[in-house]
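Trainee: when you get a sec, could you give me coordinates for this:
(chains A and B)
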Amino acid sequence: MKRLFPILSVCTAILLAYALYQALVVAPTDAQQGDVYRIIYYHVPSAWTAFLLFFINFIASIQYLAARKPSTQAAAKWIVIAIGVLGVIACFLPQVQQSLPTGMRPSAVATTVLAIPAFYFLIGKYFPAERLDVLAVTTAEVGVVFCTIVLVTGPIWARPVWGIWWAPGDIRLTSTLVLWLIYVSYLVLRKFSNSAQTQMLAAALAVFGALDVPLVYFSIWFFRTQHPQPVIGGGGSMDPRMLHVLLVSWMAFLCFAFLVCWSRFRLELLYREIEEGHAIESLVGSGAPAKASLPLGRRAR
Amino acid sequence: MNSLWAVTLVTLVKDIRLEWRSKDALNSMLFFSLLVVVIFVFSFDPLAEESRHIVGGLVWVAFLFAAVVALNQTWARELRNQVLDAYRVSPAPANALFLAKALGNFIFVSVLEALMTPLFVIFYNLRVLGPAWQLVPIAALGTWALVVNGTFFAAMSLRTRSREIMLPLLLFPISIPAVLGMVAGTTSILTGENSAHFYIVLLLTYDVVFTTACLALFGMILHAE
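Mentor: The predicted structure is shown next:
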């Protein structure tokens, strides 16, 4: 596993450079916006990556809360399966289809709903209970960074195209901003909370945040959006060459995010190991055997 | 189920009696929101027509800040003499404590709103153009939305450093849809331009979702060790 890290780093660097070249040189210039539109090759992949990371954080938090008792674990499993099945069926009912925003395809919504059980079981399979919280803090931190990129690049694009930096009340802008605010408060909570309860408090806050985002989206339902329609699963259309570059760029960003998450994950594990070592040392006293103290002597896995 | 309501009622009556004797939360909230109103009056000097558009926002910002003052004191009382620890080891249901605290805060903030609303009417020369009775469900649902999450997050921030600062940092981002519903609903009633039904439904949804979430997770927060 450890040898894979430098190889993946090199691959990611090459992929990022290739994506930049594609975005700046190969992709055709937009007929209406000119070259300014090229920022979407950074804006949109960052947004997708940030949402994916926040989604993983939510799933990891749910898993963490559910793993505390076997009975809640079993209940959570069946609830997630029920959400997957009912959600997919609901997407194809005519009443629900009518209430979807224009341009949003039911099949795209159904796929998104299916991601909930899929991620739930994947994360549950590959992450034991004590590592779920490490995964949660990792994805929250990296997600906030990507979400910040989205919120910075958005206004830079909007100023020349819309003539304003920010459209207050816009559904996408507001929900992204609120998502960012929630996860910043999540990180503040982790920073300010001492003791062993931090993990549980943070997981509870993540669940609250995830409940909040659909409500934010619902609350500004009536406001019109100026934001371009989504390219995938939405009503937006795009030149196939541009879409190709966008997907290449997304692959590069995903690899980069994975790499950052991976190193952050290892860092957090090491940090916790050191904390544990300190705790054991203070419990046993200074006369403790050396191997019970700091694990720094051995190499990180 | 019976014990839940019995414990809730006992705790609620105890809280109200304590508040009645000390009037700590209510006095500080009242004076605080009075200050906010006065500062707003100095900052904005609107015409009657303009004030209808902005007062919805001002009112709820003042109440939101004042509610945080009360919410911060919710659990402080239980920390003295280790009352919370005693509660933790007792067989009483955790949700009863939460419901009592949330209901108590709801009553305190409602009293505050009832006392402060006339002041806003006087300072801003308000005249409601829409159906005024709809302000009551918006105020009730909006207040519950604030206090239910506020009580939960106050319990959560008990376990953090500098807990008085933590509460608004946790509460405000989560409350954004509720605040938006209250402000937009109040404005549409004051101006009489739009129907407020959508916002009442929004606040109701918010209340149901977050009351359920709070009740589901509060036991875990209380017993977290």
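Trainee: grab the nearest non-local neighbour of residue B:141.
Mentor: Distances taken as CB to CB, 6 or more residues apart in numbering or on different chains put residue B:203 closest to residue B:141, at 3.9 Å, once the chain neighbours are dropped. For glycine as for every other residue, the C-beta is placed from the backbone atoms N, C-alpha and C.
Trainee: quick one: contacts for the one you found?
Mentor: The contact partners of residue B:203, taken as CB atoms under 8 Å, 6 or more residues apart in numbering or on different chains, are B:137, B:138, B:141, B:142, B:145, B:178, B:181, B:182, B:185.
Trainee: host element of the first one?
Mentor: Meaning residue B:137. helix B:135-157 (DSSP states H and E).
Trainee: for that helix, what is the distance to the chain centroid?
Mentor: Its chain's C-alpha centre and that of helix B:135-157 lie 4 Å apart, by CA atoms, centre = their mean, to the nearest Å.
Trainee: okay, buried residues for the helix or strand just after it please.
Mentor: Using DSSP H and E, the next helix or strand after helix B:135-157 towards the C-terminus is helix B:163-191. Within helix B:163-191, the residues that count as buried by 16 or more other CB atoms under 10 Å in any protein chain shown are B:163, B:166-191.
Trainee: how about the helix or strand that contains residue B:20: buried residues?
Mentor: Secondary structure from DSSP H and E places residue B:20 in helix B:2-22. Within helix B:2-22, the residues that count as buried by 16+ other CB under 10 Å are B:7, B:8, B:11, B:12, B:15, B:19.
Trainee: which one of the residues you listed sits closest to residue B:223?
Mentor: The closest of these to residue B:223 turns out to be residue B:7 (CB to CB; 15.8 Å).
Trainee: which one is that closest one nearest to, not counting chain neighbours?
Mentor: Closest to residue B:7 by CB to CB, 6+ apart is residue B:96, at 3.7 Å.
Trainee: residues contacting the residue nearest to residue B:6 when sequence neighbours are not counted?
Mentor: Leaving aside its sequence neighbours, residue B:6 sits nearest to residue B:96 (CB to CB, 6+ apart; 7.9 Å). Neighbour list for residue B:96: B:3, B:4, B:5, B:6, B:7, B:8, B:11 [criterion: CB under 8 Å, 6+ apart].
Trainee: wait, is residue B:96 part of a helix?
Mentor: Yes. Assessed with DSSP: H, G, I helix; E, B strand; the rest coil, residue B:96 lies in a helix.
Trainee: for it, give me the pLDDT.
Mentor: Confidence at residue B:96, expressed as pLDDT, is 91.
Trainee: if we can go back for a sec, give the rounded mean pLDDT of the helix holding residue B:20.
Mentor: Mean per-residue pLDDT for helix B:2-22: 89.
Trainee: ditto for stretch A:154-173
Mentor: Rounded mean pLDDT across stretch A:154-173 is 83.
Trainee: and the contacts of stretch A:42-59?
Mentor: For stretch A:42-59, using CB under 8 Å, 6+ apart, the contacting residues are A:23, A:115-116, A:119-120, A:123, A:135-136, A:139-140, A:142-144, A:146-147, A:149-150, A:153-154, A:157, A:176, A:179, A:183, A:206-207, A:209-210, A:231, A:246, A:249-250, A:252-254, A:257, A:261.
Trainee: chain B next: which of those are close?
Mentor: By CB under 8 Å from any CB of the partner chain, the members of the contacts of stretch A:42-59 lying near chain B are A:207, A:209.
Trainee: write the ChimeraX selection for whichever of the contacts of stretch A:42-59 are buried.
Mentor: With 16+ other CB under 10 Å as the criterion, this ChimeraX line picks the buried residues out of the contacts of stretch A:42-59:
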select /A:23,116,119,120,123,135,136,139,140,142,143,144,146,147,149,150,153,154,157,176,179,183,206,207,209,210,231,246,249,250,252,253,254,257,261
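Trainee: just the ones of the contacts of stretch A:42-59 in helices?
Mentor: A:115-116, A:119-120, A:123, A:135-136, A:139-140, A:142-144, A:146-147, A:149-150, A:153-154, A:157, A:176, A:179, A:183, A:206-207, A:209-210, A:246, A:249-250, A:252-254, A:257, A:261 (DSSP state H).
Trainee: how much space between residue A:269 and residue A:20?
Mentor: Using CB to CB, to the nearest Å, residue A:269 is found at 32 Å from residue A:20.
Trainee: go through the worst-scoring helix or strand of chain B on mean pLDDT and flag the buried ones.
Mentor: When the helices and strands of chain B are scored by mean pLDDT, DSSP states H and E, helix B:76-79 comes last with a mean of 83. Residues B:77, B:78 are the ones in helix B:76-79 that count as buried (16+ other CB under 10 Å).
Trainee: over to stretch A:166-175?
Mentor: A:167, A:170, A:171, A:172, A:173, A:174, A:175.
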